[in-house]
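1. Structure for this input, please:
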Amino acid sequence: MPKLKTNKAASKRYGLTAKGKVKRTSANSRHRLSTKTSRQKMSRKQNSYADKTCVGGIKKLLPYG
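-> From the prediction side, this is the model:
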């Protein structure tokens, strides 16, 4: 069987942990920050995990982790 290609767009956005969870960065943290409160901006610095309904599709795009 030939090798599977990794989707490069997904590999730049997501990463897999050792236990198989999918990490992602928080949205809305790049521009128009002047209208957001300090608390909103600080909470967006933290990484979060992808929703369990999306994990199956993301793992297909990242076949080798």
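2. pLDDT at Gly65, what is it?
-> Looking at Gly65, its pLDDT reads 82.
3. Please apply the same query to Val22.
-> 97.
4. Just give the nearest non-adjacent residue to it, would you?
-> Ala50 (4.0 Å; C-beta to C-beta, 6 or more residues apart in numbering). Glycine gets a C-beta too; all of them are placed from N, C-alpha and C.
5. how about the one you found, phi and psi?
-> Dihedral angles of Ala50 (phi, psi; degrees, to the nearest 10) stand at phi -70, psi 150.
6. ok, now which ones touch it?
-> Neighbour list for Ala50: 14, 21-24, 58 [criterion: C-beta atoms under 8 Å, 6 or more residues apart in numbering].
7. Against Lys36, how distant is it?
-> In this view, Ala50 and Lys36 are 23 Å apart by C-beta to C-beta, to the nearest Å.
8. again with Gly20
-> Remark: distance between Gly20 and Lys36 (C-beta to C-beta) = 32 Å.
9. neighbour-wise, which of these two wins?
-> Each of Gly20 and Lys36 has its neighbours counted (other C-beta atoms under 10 Å); Lys36 has more, 14 against 9.
10. quick check, that one in a helix?
-> No: using DSSP: H, G, I helix; E, B strand; the rest coil, the assignment for Lys36 is coil, not a helix.
11. which residue sits closest to it, ignoring its sequence neighbours?
-> Spatially, and ignoring its direct neighbours in sequence, Lys36 is nearest to Asn28 (7.7 Å; C-beta to C-beta, 6+ apart).
12. picking up where we left off before, mind checking which of the contacts of Ala50 are buried?
-> 14, 22, 58 (16 or more other C-beta atoms under 10 Å).
13. which residues touch the first one?
-> Going back to what we said before, that points to Tyr14. 22-24, 50, 58, 61-62.
14. Then the last one?
-> Contacts for Ile58 (C-beta under 8 Å, 6+ apart) come out as 10, 14, 22, 50.
15. is it possible to export the residues you listed to JSON lines including distance to Gln40 and secondary structure?
-> Converted to JSON lines, the contacts of Ile58 look like this (distance: C-beta to C-beta, whole Å; DSSP: H, G, I helix; E, B strand; the rest coil):
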{"residue": "Ala10", "distance to Gln40": "26", "secondary structure": "helix"}
{"residue": "Tyr14", "distance to Gln40": "23", "secondary structure": "strand"}
{"residue": "Val22", "distance to Gln40": "23", "secondary structure": "strand"}
{"residue": "Ala50", "distance to Gln40": "21", "secondary structure": "coil"}
